[in-house]
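Novice: model the structure of this input:
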Amino acid sequence: MMKGNNIDESLISKARNSDIVNNGLLSVPQFVYCLAWNLHVGDFDKVVAGAIGPGLVDILLTLNPYEIYGIDINSPNKERLDEALAKWDVIDSDPDCLPHEDLIIKNHMSPESYSNILNETLRRDFSHRRECGYWRIDNIHRWSIERCIAFELKKIGVNPNTLRTSDNDYVTIEFDWAFPDEEMKRRKVYFVPSKIHDITDNKMFTDISCYYEKSSMDCTTPFDSRRLLAGLSDIINPNGIILIGRTENPDEDAEVEAMNSKVLEKSFKRIDFDYSYTIYMERTFRKPRYGWELYGFKKN
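Specialist: Numbering: from 1, shown residues only. Coordinates of the predicted model:
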């Protein structure tokens with residue numbers, strides 16, 4: 001990584017004026033980190049995102065794509081997604097507007113006390129998106145992936161009148177959204193129920209301009225990293241890039257070395273990025289370095 005000392009003040013200004021920050025979805029440093037990467041690597045029209053879950057804002061801000069193919073073994077159901085979107089006005093404020101998991105304390109409290117606890121749990125769980133920098137799996141299970149997707153769309157400032165869903169090969173959602181300081185563009189997200197290794201092994205997609213995986217859930221060992229990069233090298237186009245988030249692997253140094261080795265073998269090169277933005281961003285987290293420091297690779 002390049003070492004730097006200065007954060008672009010214009011990015012901080014954009015963050016502070018953004019609905020995404022003011023709605024509580026991201027912090028200013030998180031927003032700035034995404035935009036700094038976008039300034040560094042540019043826009044990519046078609047992105048494959050591994051282990052996407054309900055997380056959309058990081059991909060949109062980092063890469064500004066028209067189309068996202070979200071790969072995840074846990075994908076939304078169209079009927080439940082439509083139901084969640086229909087509750088747009090109260091999706092982030094009324095815990096009982098949609099089915100959800102009951103808290104284990106329900107049978108030990110009065111209905112009024114339980115309602116108060118449930119409201120606080122909704123507020124706390126949704127605030128974890130900003131505090132942790134990702135959707136926690138227990139929060140997704142409690143409220144449903146469909147509700148979390150609707151919450152994410154609302155907080156990035158989508159006009160609900162522009163939303164369209166479909167279910168042909170994959171559950172798909174379309175919406176209008178404007179990248180900071182740009183005009184509205186039509187976006188489309190395909191939720192593909194699969195593992196990324198199945199995608200690369202079976203060549204489900206070809207000529208991909210960017211592969212993005214913030215969580216690195218499919219890369220928990222050096223072997224996984226080598227296998228993933230080897231498969232991706234066959235489907236990434238000549239001008240394509242790979243952005244992979246840092247993992248919690250205790251043998252992380254060995255993993256990074258293995259990733260770099262495979263990248264070089266496959267005619268990739270590491271993308272240097274100003275480490276100042278990583279330091280600036282990671283100071284906001286209670287649990288540092290989980291899936292936010294991106295490693296970038298580009299074909300030679």
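Novice: residues in contact with the residue in the chain sticking out farthest from the centre?
Specialist: Taking C-alpha atoms, centre = their mean, the residue of the chain most remote from its mean C-alpha position is residue 110, at 37.9 Å. By C-beta atoms under 8 Å, 6 or more residues apart in numbering, no residues touch residue 110. For every residue, glycine as well, the C-beta is placed using N, CA and C.
Novice: separation between it and residue 43?
Specialist: 53 Å (C-beta to C-beta, to the nearest Å).
Novice: which parts of the protein are helices?
Specialist: Ranges of helices within the chain are 9-16, 19-22, 28-41, 57-63, 78-86, 111-132, 137-143, 145-155, 196-202, 222-232, 252-265, 275-282, based on DSSP state H.
Novice: which residues touch the second one?
Specialist: Same thing as helix 19-22. If you take C-beta under 8 Å, 6+ apart as the criterion, helix 19-22 is touched by 15, 26, 27, 28, 31, 57, 61, 155, 156, 157.
Novice: okay, the fifth one: pLDDT?
Specialist: Yep, that's residue 31 we're talking about. Note for residue 31: predicted pLDDT of 95.
Novice: contacting residues for residue 14?
Specialist: 31, 35, 180, 181.
Novice: give the buried subset of these as a ChimeraX selection command.
Specialist: This is the ChimeraX syntax for the buried subset of the contacts of residue 14, where burial follows 16 or more other C-beta atoms under 10 Å:
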select :31,35,180
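Novice: can you list the contacts of residue 14 in CSV and add distance to residue 68?
Specialist: Output for the contacts of residue 14, formatted as CSV (distance: C-beta to C-beta, whole Å):
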residue, distance to residue 68
31, 19
35, 18
180, 18
181, 21
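Novice: from the contacts of residue 14, which is closest to residue 136?
Specialist: Comparing the contacts of residue 14 against residue 136 with C-beta to C-beta places residue 31 closest, at 19.9 Å.
Novice: contacting residues for that closest one?
Specialist: Here residue 31 is in contact with 11, 14, 15, 18, 20, 21, 61 (C-beta under 8 Å, 6+ apart).
Novice: how about 10 Å then?
Specialist: By C-beta atoms under 10 Å, 6 or more residues apart in numbering, the residues touching residue 31 are 11-12, 14-16, 18, 20-21, 25, 57-58, 61, 180, 281.
Novice: mind checking how far it is from residue 60?
Specialist: Taken as C-beta to C-beta, the span from residue 31 to residue 60 is 11 Å.
Novice: before we move on, the earlier item: could the helices of the chain go into JSON lines alongside distance to residue 94?
Specialist: Formatted as JSON lines, the helices of the chain follow (distance: least, C-beta to C-beta, whole Å):
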{"stretch": "helix 9-16", "distance to residue 94": "29"}
{"stretch": "helix 19-22", "distance to residue 94": "21"}
{"stretch": "helix 28-41", "distance to residue 94": "27"}
{"stretch": "helix 57-63", "distance to residue 94": "22"}
{"stretch": "helix 78-86", "distance to residue 94": "12"}
{"stretch": "helix 111-132", "distance to residue 94": "8"}
{"stretch": "helix 137-143", "distance to residue 94": "12"}
{"stretch": "helix 145-155", "distance to residue 94": "11"}
{"stretch": "helix 196-202", "distance to residue 94": "35"}
{"stretch": "helix 222-232", "distance to residue 94": "40"}
{"stretch": "helix 252-265", "distance to residue 94": "41"}
{"stretch": "helix 275-282", "distance to residue 94": "32"}
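Novice: these: lowest mean pLDDT?
Specialist: Mean pLDDT is lowest for helix 252-265 out of the helices of the chain, coming in at a mean of 58.
Novice: filter the contacts of residue 31 down to just the buried residues.
Specialist: Among those, those classed as buried by 16+ other C-beta under 10 Å are 11-12, 14-15, 18, 20-21, 25, 57-58, 61, 180, 281.
Novice: need phi/psi at the residue nearest the centre of the chain.
Specialist: Against the mean C-alpha coordinate of the chain, by C-alpha atoms, centre = their mean, the closest residue is residue 55 at 3.7 Å. Main-chain dihedrals, residue 55, degrees, to the nearest 10: phi -80, psi 110.
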